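Student: quick one: sequence plus predicted model below, questions after.
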Amino acid sequence: MARTLIAAFVLILFPLTEAFLPLSDAVSELPGYEDSINRLKTLSEASSSLEEREGESSIWNSCDLSCNQIGYQTKEGQHILKGISFNIPQGTNLAILGPSGSGKTTFVKILQGISSPSEGSLLINGVEVLEDKAEKRHLSVLNQHPYLFDTSVLNNIRLGKPSATDEEVYEAAKRVQLHDFIVALPEGYQTSMQEAGMRFSGGERQRIALARILLQETAVVLLDEPIVGLDSRTEQALRSTIFQVLEKKTVVWVTHHLVGMKRMDHIAFMEDGEIVMEGKHDELLMSSDRYRRLYELDAPFQLKNSHMTEKIIG
């Protein structure tokens with residue numbers, strides 16, 4: 001009798017245990033959820049000011065960026081950025097290169113208006129970024145892990161422009177070469193992405209995020225390592241699509257890889273918070289032995305030896 005009761009108790013307990021397992025798994029994801037919630041809050045703000053934004057002057061359709069002696073110092077006194085200066089006219093492709101710890105991430109936060117420089121200023125059309133919240137209206141970001149939500153493909157793309165028609169969403173998907181793939185799905189554009197878009201490949205998730213950016217119609221697009229971790233063929237195809245659809249926009253590409261640098265109008269190589277090399281790709285190949293060695297190492301293998309590249313850069 002006792003054994004029967006124990007067996008019955010265990011049979012009851014197992015389903016209850018399984019029910020609580022997702023909760024323990026979710027704890028490790030809390031930082032990501034918090035970040036997603038903060039971003040969702042900005043969507044409501046964007047929707048409330050949608051009519052105001054659509055009625056604004058076209059001045060924000062063209063954005064000239066200017067970094068004037070930007071420096072950043074932590075509370076502990078550590079200098080993360082030192083005297084970063086360059087101009088980025090509208091339509092320019094700028095690459096920010098450098099190893100981990102070189103200051104790229106801090107620069108990205110300043111560019112997005114998340115952090116303020118301790119010294120100098122970042123100007124957009126002559127307006128200091130943190131003095132005018134409008135800078136977020138013409139800056140969009142494509143990063144390594146795009147924010148995709150457990151709703152339809154249609155809704156995920158439409159997040160870029162809540163007022164977009166279905167036809168506008170379809171057109172954006174066509175431009176990123178994903179429309180035919182989507183319509184071939186059993187539920188087409190109504191197919192659920194699942195949380196974080198996990199039912200789709202890395203390249204497909206990036207193309208969905210890129211279609212969203214096209215709907216945002218921002219003048220400046222920040223590429224924060226969006227192709228890292230993809231296989232060589234997918235990475236090459238996605239990079240080609242990105243620069244094709246963003247042809248007339250200002251593109252700031254932050255990376256520690258040199259593959260694709262031929263596409264860039266200007267390259268700034270950062271190290272220890274400073275720009276130690278800058279110029280066009282061909283110029284740097286001719287003038288810098290270090291740049292040439294790094295490029296020769298990285299380019300032939302299409303990121304397969306990225307750990308070796310970082311070792312040499314550092």
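Tutor: Good, I have the coordinates.
Student: mind giving me the packing neighbours of whichever strand or helix holds Val221?
Tutor: When elements are assigned from DSSP states H and E, Val221 belongs to strand 220-224. Secondary-structure packing of strand 220-224 (3 or more C-beta pairs under 8 Å, 6 or more residues apart in numbering; DSSP states H and E): helix 104-112, strand 139-143, strand 250-255. Every residue, glycine included, has its C-beta placed from N, CA and C.
Student: next SSE after that strand?
Tutor: Following strand 220-224 in sequence, per DSSP H and E, is helix 232-245.
Student: give me the buried positions along that next one.
Tutor: Thr234, Glu235, Gln236, Leu238, Arg239, Thr241, Ile242, Phe243, Val245 (16 or more other C-beta atoms under 10 Å).
Student: ok, so of those, who is nearest Gln177?
Tutor: Thr241 (5.8 Å; C-beta to C-beta).
Student: roughly how far does the closest one sit from Leu214?
Tutor: 11 Å (C-beta to C-beta, to the nearest Å).
Student: returning to that earlier point: pipe the helices and strands packed on strand 220-224 into CSV and attach distance to Asn155 and mean neighbour count per row.
Tutor: Formatted as CSV, those follow (distance: least, C-beta to C-beta, whole Å; neighbours: other C-beta atoms under 10 Å):
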stretch, distance to Asn155, mean neighbour count
helix 104-112, 24, 20
strand 139-143, 18, 21
strand 250-255, 27, 23
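Student: one step back: sheet partners, orientation included, of the strand holding Val221?
Tutor: Using DSSP bridges, the strands paired with strand 220-224 are strand 139-143 (parallel), strand 250-255 (parallel).
Student: and the helix or strand just after the last one with helix 104-112, angle?
Tutor: Read it as strand 250-255. Remark: after strand 250-255, the chain's next helix or strand is strand 266-271, criterion DSSP H and E. Using axes from the mean of the first three to the mean of the last three C-alpha atoms, to 10 degrees, the direction of strand 266-271 lies 130 degrees away from that of helix 104-112.
Student: strand 266-271 pairs with which strands?
Tutor: For strand 266-271, pairing defined by DSSP bridges yields strand 93-97 (parallel), strand 274-279 (antiparallel).
Student: which stretch among those comes nearest Ile182?
Tutor: strand 93-97 (28.4 Å).
Student: just give me how far that closest one sits from the chain centre.
Tutor: Here the centre of strand 93-97 is set off from its chain's centre by 14 Å, with C-alpha atoms, centre = their mean, to the nearest Å.
Student: touching it from outside, list them.
Tutor: For strand 93-97, the external contacting residues (C-beta atoms under 8 Å, 6 or more residues apart in numbering) are 86, 88, 104, 107, 243, 250-256, 258, 261, 263-270.
Student: hang on, the earlier thing: what touches both of Thr241 and Leu214?
Tutor: Shared contacts of Thr241 and Leu214, counting by C-beta under 8 Å, 6+ apart, come down to Val176.
Student: hang on, the earlier thing: format the strands paired with strand 220-224 as TSV; extra columns: distance to Leu94.
Tutor: TSV is the format used below for the strands paired with strand 220-224 (distance: least, C-beta to C-beta, whole Å):
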stretch	distance to Leu94
strand 139-143	13
strand 250-255	5
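Student: can you tell me which of those strands the model trusts least?
Tutor: Mean pLDDT per stretch puts strand 139-143 lowest among these, at a mean of 91.
Student: moving C-terminal of that one, what's the next helix or strand?
Tutor: Next along from strand 139-143, by DSSP H and E: helix 153-158.
Student: helix or strand right after that following helix?
Tutor: Assigned by DSSP H and E, the successor of helix 153-158 is helix 166-175.
Student: what angle do that following helix and helix 232-245 make?
Tutor: Going by the same axes, to 10 degrees, helix 166-175 makes 130 degrees with helix 232-245.
Student: next structured bit after helix 166-175?
Tutor: By DSSP H and E, the next helix or strand past helix 166-175 is helix 179-183.
Student: with only the CA atoms kept, save that following helix in PDB.
Tutor: Extracted as PDB, the C-alpha positions of helix 179-183 are listed here (Å, rounded to 0.1, in the frame of the first residue of the first chain):
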ATOM      1  CA  HIS A 179       9.000  37.700 -49.800                       C
ATOM      2  CA  ASP A 180       9.000  34.500 -51.800                       C
ATOM      3  CA  PHE A 181      10.300  32.500 -48.800                       C
ATOM      4  CA  ILE A 182       7.500  34.000 -46.500                       C
ATOM      5  CA  VAL A 183       4.600  33.400 -49.000                       C
END
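Student: report all helices and strands that it contacts.
Tutor: Looks like helix 179-183 contacts helix 166-175 (3+ C-beta pairs under 8 Å, 6+ apart).
Student: would you put the C-alpha positions of the helix it packs on in CSV?
Tutor: Taking C-alpha atoms only, helix 166-175 is exported to CSV below (Å, rounded to 0.1, in the frame of the first residue of the first chain):
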residue,chain,number,x,y,z
ASP,A,166,0.2,45.2,-45.9
GLU,A,167,1.5,46.2,-49.3
GLU,A,168,4.3,48.3,-47.8
VAL,A,169,5.3,45.3,-45.6
TYR,A,170,5.3,43.1,-48.7
GLU,A,171,7.5,45.6,-50.6
ALA,A,172,10.0,45.8,-47.8
ALA,A,173,10.2,42.0,-47.7
LYS,A,174,10.8,41.9,-51.4
ARG,A,175,13.6,44.4,-51.2
